[in-house]
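# predicted model, plus sequence, below.
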Amino acid sequence: MTAPSTSSRAARLPGAADPIRLTRYAHGGGCACKIPPGELEQIVRGLTGTSSPDLLVGLDDGDDAAVVRIDQHTAIVHTADFFTPVVDDAYDWGRIAAANALSDVYAMGGRPIVAVNLVGWPRDLLPVELLREVLRGGLDIATEAGCHVGGGHSIDSPEPLYGMAVTGLVDPKLLLRNDSARAGTPISLSKPLGVGVLNNRHKSTGENFPQAIASMVSLNAAAGAAAVAAGIVAATDVTGFGLLGHLHKMARASGVEAVIDAGAVSYLDGARQALQDGFVSGGTRRNLDWVRPFLDAGVFEDELLLLADAQTSGGLLVAGEIPGAPVIGEFVSATPGSPRTITVR
């Protein structure tokens, strides 16, 4: 295990002895602060709006973004994502949040075109100079992605929030969906797991984990493009509901089951130690509780907690093989009458 850095890049208030720790100003962190998946499904059930053949992807299966067809060659991909600080450094938080929002477009096989910032800021608690750093981080990641940033919207809020609403383009014939996985297809994951437990340790102790930040700011552009080039039709990204949660949604929507080889799943350095030391978020435990009725698990509870770890800006979960992404399992035919969607061995 690589020893974590104990230095902090968090900013200091003028005259203050201690640096500002952004994670102390939020009750949760990153995608772990999402409304629990089971609760969210109850809230939005039936709220599908007016049906149209041009709405290619809507709310029905909880996919990563909405997709609306413009013509036979072009569709718009639209998404929004924001969350509370996942790290203490304002610039890094901005980069992570932007990469996470852009990921939804890549998960649909598209490319981002324009984004607007979504900001909540406790003006009486935190200096606006920190907010500028957050926005600078988001702009730098969007620039790396070739995506314009055209302003945004801000409010004075009790805790800091940041993210983006992103619009992209996709060819409707090359769309990646979470309801198109087929039996006999391998399952690939483009990033290692473990940012959830490392971020929780960071929030609790102030220790810094550069490997987690590097993973979270890494764009899923190459993975999305590789999936499209390989003729793959099913994918999703792994974020707040963890690998097991997003895989359950994908298998359920596609009418198949998934078999996961736990030993094939890769983790960031330090993740297992963080788990052993008890740095498991409430979001991760809620993820596992939600998916447990649909599991056939042949591994210990700790392994399941890692597989349910609430990720922020995680990798693409792909029904197929792409370069650089390990194969972690396979989609198989569903067992008639069985509620199971995932087997872990």
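That came in fine, so what should we check first? Numbering: from 1, shown residues only.
# just checking, residue 293 touches residue 341?
No - using C-beta atoms under 8 Å, residue 293 makes no contact with residue 341, being 9.6 Å away. Just so you know, the C-beta spots here come from the backbone N, C-alpha and C atoms, and that holds for glycine as well.
# more neighbours: which of these two?
When residue 293 and residue 341 are compared on other C-beta atoms under 10 Å, the one with more neighbours turns out to be residue 341, at 25 against 11.
# these two touch, right, the more buried one and residue 255?
No - the pair residue 341 / residue 255 is not scored as a contact, 9.8 Å apart, by C-beta under 8 Å.
# anything in contact with each of these two?
Shared between the contact lists of residue 341 and residue 255 (criterion: C-beta atoms under 8 Å, 6 or more residues apart in numbering) are residues residue 334.
# residues touching the spatially most central residue of the chain, list them.
Note on the chain: the residue nearest the mean C-alpha position is residue 239, at 2.4 Å, using C-alpha atoms, centre = their mean. Applying C-beta under 8 Å, 6+ apart, we find residue 239 in contact with 31, 34, 100, 103, 246, 310-314.
# can I get the residues you listed in TSV with pLDDT?
Supplementary listing: the contacts of residue 239 in TSV, determined by pLDDT from 0 to 100:
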residue	pLDDT
31	53
34	66
100	97
103	97
246	96
310	96
311	96
312	96
313	97
314	97
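# could you list which of those residues belong to helices?
Among these, the ones falling in helices (DSSP state H) are 100, 103, 246.
# mind listing the strands for the chain?
When secondary structure is read from DSSP state E, the chain shows strands at 55-57, 66-71, 74-83, 111-121, 148-156, 161-170, 186-189, 235-237, 256-260, 295-297, 316-319, 327-333, 342-344.
# what helices or strands is the fifth one leaning on?
For strand 148-156, the contact count by 3 or more C-beta pairs under 8 Å, 6 or more residues apart in numbering; DSSP states H and E identifies strand 111-121, helix 128-144, strand 161-170 as packing neighbours.
# same question for the last one.
The helices and strands touching strand 342-344, judged by 3+ C-beta pairs under 8 Å, 6+ apart, are helix 242-254, strand 256-260, strand 295-297, helix 301-307.
# if you set the cut-off to 10 Å instead, what comes out?
Strand 342-344 is packed against helix 242-254, strand 256-260, strand 295-297, helix 301-307, strand 327-333, with contacts defined by 3 or more C-beta pairs under 10 Å, 6 or more residues apart in numbering; DSSP states H and E.
# residue 282 touches residue 305, doesn't it?
No - at 11.9 Å, residue 282 and residue 305 do not qualify as touching, with contact defined as C-beta atoms under 10 Å.
# who has more neighbours, those two?
Of the pair residue 282 and residue 305, residue 305 is the one with more neighbours under other C-beta under 10 Å, namely 20 against 14.
# tell me the contacts of residue 124?
By C-beta atoms under 10 Å, 6 or more residues apart in numbering, the contact set of residue 124 is 156, 158.
# gap between residue 190 and residue 278?
Counting by C-beta to C-beta, to the nearest Å, the gap between residue 190 and residue 278 amounts to 29 Å.
# these two: which is more packed in?
Neighbours per residue (other C-beta under 10 Å) separate residue 190 from residue 278, with residue 190 holding more: 25 against 10.
# mind listing what that one touches?
The contact partners of residue 190, taken as C-beta under 10 Å, 6+ apart, are 106, 218, 220, 222-224, 226-227, 235, 237-238, 314-318, 322-326.
# tell me the buried residues in stretch 303-321?
Residues of stretch 303-321 classed as buried under the neighbour-count rule (16 or more other C-beta atoms under 10 Å) are 303-321.
# can you give me the pLDDT of the closest residue to residue 191 other than its chain neighbours?
Using C-beta to C-beta, 6 or more residues apart in numbering and skipping residues adjacent in sequence, the residue nearest residue 191 is residue 315, 2.8 Å away. Looking at residue 315, its pLDDT is 98.
# need the winner for burial among the helices and strands packed on strand 148-156.
Comparing those by mean neighbour count (mean count of other C-beta atoms under 10 Å), strand 161-170 ranks first with a mean of 23.
# so for it, mean pLDDT?
98.
# can you list the strands that that strand pairs with?
For strand 161-170, sheet partners with direction are given as strand 74-83 (antiparallel), strand 111-121 (antiparallel), following DSSP bridges.
# let's have those strands in CSV, adding mean pLDDT.
Conversion of those to CSV gives the following (pLDDT from 0 to 100):
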stretch, mean pLDDT
strand 74-83, 97
strand 111-121, 98
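# any chance of those strands in JSON lines, plus distance to residue 169?
Output for those, formatted as JSON lines (distance: least, C-beta to C-beta, whole Å):
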{"stretch": "strand 74-83", "distance to residue 169": "6"}
{"stretch": "strand 111-121", "distance to residue 169": "6"}
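# of all the ones you listed, which lies closest to residue 207?
Each of the strands paired with strand 161-170 was scored for nearness to residue 207 using C-beta to C-beta, and the closest is strand 74-83 (20.6 Å).
# got the buried residues for stretch 53-62?
Neighbour-count burial for stretch 53-62, counted by 16+ other C-beta under 10 Å, picks out 55-58, 61-62.
# quick one, which of the contacts of residue 190 are buried?
Buried members of the contacts of residue 190, scored by 16+ other C-beta under 10 Å, are 106, 218, 220, 222-224, 226-227, 235, 237-238, 314-318, 322, 325.
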